[in-house]
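In: pasting a predicted model and its sequence here:
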Amino acid sequence: MLNKVAPPVCELFEPPRPKSLGPLSALLRATFTGDSNLIGLLPKEAYTMKIGNLGYSRRSIVIINDADEVRKILTDPLDIYPKNDLMVGALAPLVGESIFVSSGDKWRKQRAMVAPAFNHMKLSLAFDAMKAAVDNYETVIDNHINADESFSLDLAMSHLTADIICRTVFSTPLQSDIAREVFDAFTIFEKSVAHVEIRRLIMEPAWSEIPQPDTVLDACERIRTHLGKLVDGHLKEDADYDDIANAIINARDAESGEPFCRKELIDQLGVFFLAGHETTASALTWGFYVLATRPDILDGIRQEVERVTEGSPIGFQHIRNLHFTTSIFKESMRLYPPITFIPRVAAESTTIGKRKIKKGAMVMIAPWVIHRHHDYWENPNSFDATRFMPHREKEINPNTYMPFGLGPRVCVGANFATIEATLILARLAMRYDFSIEPEQTITPVARLTTRPREQVQIRAALH
């Protein structure tokens, strides 16, 4: 019966995006803004082509929008397209050779060991920790209301999702000294890491070393030191935890029977902190921007929550029936995919479609572009609150929606993030009205994730 209830009627609207320019104008804009925002480098032709060059560079950058070719590249059974050297060079100081940056047999082994930590039973156990984190953060928002002050939406979502990761992975809230220091160091890492510099992208050949600023290397060392302390606490003989870290510690390789060593544990758990809080925080920042801009969508969430829960607290059993709320999260990730670009590198000369690709070329798959491509989406730049409702799922080509990747390489934490985000949207929508502080220019940029160029200042009021 729940699936047959008519969804709320919400008009389409276009949230912020950079203006599409011609190739030369886009290059000049991206160069002179000086913030390495690759979204600004995309010419208007990128949103209509299937395969084409992305500007001109020493290494050759080919953008792939053909849905079938994208799936072949991201599944890549022959390991022709490993993770791009720019991405690996940026993230390796934090996550080592973990599942986030590894390829080939190493990735397959890690994936098989890590995936069981995110099965349905584990997620149901983690749900109480998610609720506790939301309970705690409602107090923080209440304090902002009582002080009659605005606050950073970006930092709010980062803090809340980091607290959830700390509670679900390590059974410790963010307020603990170690968890707080990890969060603070990660904030430095996210702001300063040399992810993709446009000059380096254009001028330098493939597999060039990417030097990281000392501030980034220091932050990574602090993060890994603190993660090591949390791991050591779980490795003690008398330790008794039932969390994600414990599941990873108990994981065994199917062939050798060996567990992850201590360094490998830190690598993998570093990924969970990176992907598990930063990417979800990115999507929720845009989701709550929408709710603060469109009270009709906010009311739609409230109507659904009241109908599904019948006035009881939101439980794990309710999440699967909050279709409209989940649709808001999914549409936020379509227009503002947390991972803006998925770069690969051609390990050998090959062919994609009818185009020859030289060894070392950057094969760029851009969820930002494919999610807005005119061949795949009706009203591609508009926020459609019901686009991902069950009655419309057949409209979507699964190869053109990839906030979590595609196929066997889809993110192991996809269900975790969806449950977490649906809970946060539902809980905070029921308690608060939101409004954006006036005279702000909201511009999406591609940094480590898709974020507003400047932090969004928001106000909350009790509903």
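Out: The structure has been received and is ready for your questions.

In: where exactly do the strands run in this structure?
Out: Under the criterion DSSP state E, the chain contains strands at 51-53, 61-64, 151-152, 342-345, 350-352, 355-357, 362-365, 432-436, 444-446, 450-452, 457-462.

In: so can I have a markdown table of the ones you listed showing mean neighbour count, mean pLDDT and distance to I223?
Out: To be clear about C-beta, it is placed using only N, CA and C from the backbone, and glycine gets the same treatment. Below are those laid out as a markdown table (neighbours: other CB atoms under 10 Å; pLDDT from 0 to 100; distance: least, CB to CB, whole Å):
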| stretch | mean neighbour count | mean pLDDT | distance to I223 |
| --- | --- | --- | --- |
| strand 51-53 | 16 | 87 | 37 |
| strand 61-64 | 22 | 90 | 31 |
| strand 151-152 | 18 | 96 | 22 |
| strand 342-345 | 22 | 88 | 23 |
| strand 350-352 | 15 | 94 | 37 |
| strand 355-357 | 16 | 92 | 36 |
| strand 362-365 | 23 | 90 | 28 |
| strand 432-436 | 18 | 98 | 31 |
| strand 444-446 | 21 | 88 | 23 |
| strand 450-452 | 23 | 91 | 20 |
| strand 457-462 | 17 | 98 | 28 |
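
In: quick one: low-confidence parts of this protein?
Out: For the chain, the stretches flagged by pLDDT under 70 are 1-4, 20-37, 55-58, 194-209.

In: looking only at residue counts, what's the top helix in it?
Out: Under DSSP state H, the helix in the chain containing the largest number of residues is helix 120-146.

In: what packs against it?
Out: The contact analysis (3 or more CB pairs under 8 Å, 6 or more residues apart in numbering; DSSP states H and E) places helix 120-146 against helix 153-170, helix 244-249, helix 316-319, helix 414-431, strand 457-462.

In: and if we set it to 6 Å?
Out: Contact here means 3 or more CB pairs under 6 Å, 6 or more residues apart in numbering; DSSP states H and E; on that basis helix 120-146 packs against helix 153-170, helix 414-431.

In: closest to L12 out of the ones you listed?
Out: helix 414-431 (19.4 Å; CB to CB).

In: got the buried residues for the longest helix of the chain?
Out: 122-123, 126-127, 129-131, 133-134, 136-138, 141 (16 or more other CB atoms under 10 Å).

In: buried set for stretch 253-260?
Out: If you call a residue buried by 16+ other CB under 10 Å, then stretch 253-260 has these buried ones: F260.

In: start to end distance for that stretch?
Out: The straight-line separation of the ends of stretch 253-260 (CA to CA, to the nearest Å) is 8 Å.

In: cool, and stretch 404-413?
Out: 8 Å.

In: tell me who's in contact with the residue nearest the centre of the chain.
Out: In the chain, the residue lying closest to the centroid (CA atoms, centre = their mean) is T279, at 2.6 Å. T279 sits next to P338, T449 when contact means CB atoms under 6 Å, 6 or more residues apart in numbering.

In: and the contacts of stretch 108-116?
Out: Outside stretch 108-116, the residues that touch it by CB under 6 Å, 6+ apart are I99, A251, V412.

In: what sits closest to the first one if chain neighbours are left out?
Out: Yep, that's I99 we're talking about. Q110 (4.4 Å; CB to CB, 6 or more residues apart in numbering).

In: from the chain's centre, how far out does stretch 259-277 sit?
Out: 17 Å (CA atoms, centre = their mean, to the nearest Å).
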